[in-house]
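Visitor: structure, please.
(one chain, ligands or ions: 1)
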Amino acid sequence: MACQQFDLVADHLQIPEIERARLKYPKRSLTVALPILRDDGALEVFSGYRVQHHLTLGPTKGGLRYHPDVTLGEVAALAMWMSWKCALTGLPYGGAKGGIACDPRAMSCVELERLTRRYTQEMIPFIGPQVDIMAPDVGTNEQTMAWMMDSYSVHMGYTVPSIVTGKPVGLGGSLGRREATGRGVSYLINRAMDTIAMPSAQATAVVQGFGNVGSVAAYSLEKYGVKVIAISDVNGGVFNQKGLDLRRLDEHVERTRTVVGFSEAEPISNEQLLITPCDILIPAALERQITEANAGRIQCRILAEAANGPTTPEADVILEQRPDIFVIPDILCNAGGVVVSYFEWVQDLQSFFWTETEVTDKLFRILEGAFIQTLSLSRKQKTSMRLAALSLGVKRVQEAKRLRGLFP
Ligand code: NAD
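Guide: Model prediction:
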């Protein structure tokens, strides 16, 4: 998917053949075997990956994912998208991504700590605050980042907070980082509502995924007056046309670890959820959710891609023929996370910390700039918002590579 998208953009930008491969291939990748002891005494070896897509503009930046379906190919695609996202928002980073093929829900906290520390140890020659900086993604969280920071710092012999972002605030994390991605998603949805003249007070939203991004996006939209009518997680979904009580749903999730079984709503499958009539549809779980099979049947005015790669290229072709849907493409929609990760890194390097208001104001300013530039280009060139956003990102990396020249 990432390569197909890149080829389309390269054709659109008329990038000469000679420059394409240099932009496309990941610069470096590392695969590691991670042996750990399970709680029952068995030894299990997990596969871990890290891909750094390009190093032209500074260190690489990107999340770390724990999920059974993680592969080197998936990580490479996510790293490439990170490159275009960082360039679109003007951050001095290349893209990276990491992952371990494991099921964190079937592992104890002690096992996850062992696995994270082992992965960090194996990654030491490959990462650093000026080389590659990790952050949470699907299946990882602040605690994962705290273990990584501790393992790296123990190796160095001094404390290195800038080795990861998305850590607890008590360890040099940034205020507003946990909320940044979901907050950014809802800010951009608000801008999209302005653009298509949709009043937020009567709008309805459907959210796939109730993790970090999906839950914060739901809560922030509520503040704008939007009614969230359906939410799902990996086990299934819940629907209430009158609007879900998010606090009561949170209490239910706290008790049962899933949205399924929430008594104040009807059950709904993930497939059904995606085609539920609503004003705003927010896929906030995994890749490839909007496909050729359902793209013609989704019934929303705004598709806000909070997840990375939720729409396949085949579905994109269908969406391009649906002017009724305003798409906020993933590299723009979920960029809030990496923007505040960048703020966290800057604060750690300077050992000087900002208030949450400063963080959020600066975040919205960067997202506003990226939104306006993407919208203007898409209108000027009569292209989709995705092609416009990708064009801006790819072009900046292309220009940087041109300026630096080829070595030797
Ligand atoms: P998370 O692990 O906190 O939550 C993921 C959620 O998706 C969970 O509720 C899980 O149950 C649900 N889910 C998993 N598989 C599903 C399926 N098949 N159907 C429905 N729901 C499913 O992860 P997150 O950090 O919220 O990340 C979500 C998405 O946002 C990912 O695509 C991630 O790459 C992207 N993203 C995250 C950040 C960040 O700051 N965390 C930043 C940018 C992009």
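Visitor: now the host helix or strand of S83: buried residues?
Guide: Assigned by DSSP states H and E, S83 belongs to helix 72-88. Using 16 or more other C-beta atoms under 10 Å as the burial criterion, the residues of helix 72-88 that qualify are 72, 74-88. Placement of C-beta: from N, CA and C, glycine included.
Visitor: report all helices and strands that it contacts.
Guide: Packed against helix 72-88 by the contact rule (3 or more C-beta pairs under 8 Å, 6 or more residues apart in numbering; DSSP states H and E) you find helix 2-12, strand 28-37, strand 43-52, strand 60-67, strand 94-101, helix 330-333, helix 336-350, helix 385-404.
Visitor: ok, P68 to the ligand distance?
Guide: 10 Å (C-beta to the nearest ligand atom, to the nearest Å).
Visitor: what about that residue, how many residues nearby?
Guide: By other C-beta atoms under 10 Å, 12 other residues sit near P68.
Visitor: cool, V260 as well?
Guide: For V260, using other C-beta under 10 Å, the count is 18.
Visitor: how about V32?
Guide: 17.
Visitor: close to the ligand: what parts of this structure are there?
Guide: Residues of the chain lying near the ligand by C-beta under 6 Å from any ligand atom: 136-139, 181, 208-214, 232-234, 270, 284-286, 306-308, 334, 337.
Visitor: how does the protein divide into domains?
Guide: Domain assignment of the chain by automatic domain parsing yields the ranges 12-161, 180-328.
Visitor: check the residue in the stretch 101-250 of the chain that the ligand sits nearest to and give its pLDDT.
Guide: Shortest the stretch 101-250 of the chain-to-the ligand distance, computed as C-beta to the nearest ligand atom: residue-wise this is G211, at 1.7 Å. On the pLDDT scale, G211 is placed at 95.
Visitor: likewise the one 10 residues further on?
Guide: Confidence at L221, expressed as pLDDT, is 97.
Visitor: show me the contacts for the residue nearest to it when sequence neighbours are not counted.
Guide: Sequence neighbours aside, S186 is the residue nearest to L221 in space, at 4.8 Å (criterion: C-beta to C-beta, 6 or more residues apart in numbering). Going by C-beta atoms under 8 Å, 6 or more residues apart in numbering, S186 touches A217, S220, L221, K223, Y224.
Visitor: how close does S186 sit to P408?
Guide: Distance, S186 to P408, using C-beta to C-beta, to the nearest Å: 48 Å.
Visitor: does anything pack onto the longest helix along the chain? Which helices or strands?
Guide: Counting residues, the longest helix in the chain under DSSP state H turns out to be helix 356-381. Judged by 3+ C-beta pairs under 8 Å, 6+ apart, helix 356-381 is in contact with helix 177-195, helix 330-333, helix 336-350, helix 385-404.
Visitor: just those helices: most buried one?
Guide: helix 330-333 (a mean of 29; mean count of other C-beta atoms under 10 Å).
Visitor: just the buried subset of the contacts of S186, please.
Guide: Neighbour counting over the contacts of S186 (16+ other C-beta under 10 Å) leaves A217, S220, L221 as the buried ones.
Visitor: isn't there a strand covering the first one?
Guide: No. With DSSP: H, G, I helix; E, B strand; the rest coil as the criterion, A217 is assigned helix and is not in a strand.
Visitor: would you confirm that it contacts A285?
Guide: No. A217 is beyond contact range of A285, at 11.8 Å (criterion: C-beta atoms under 8 Å).
Visitor: ok, then the element right after the host helix or strand of L319?
Guide: Assessed by DSSP H and E, L319 sits inside helix 313-320. Beyond helix 313-320 on the C-terminal side, the first helix or strand identified by DSSP H and E is strand 326-328.
Visitor: pairing partners for that following strand, with directions?
Guide: Next to strand 326-328 in the sheet, as set by DSSP bridges, lie strand 302-304 (parallel).
Visitor: name the residues of the strand it pairs with that are buried.
Guide: Buried residues in strand 302-304 (16+ other C-beta under 10 Å): I302, L303, A304.
Visitor: residue contacts, the second one?
Guide: In this case it means L303. L281, P283, I290, T311, L319, I325, F326, V327, I328.
Visitor: that concludes my questions; thank you for your assistance.
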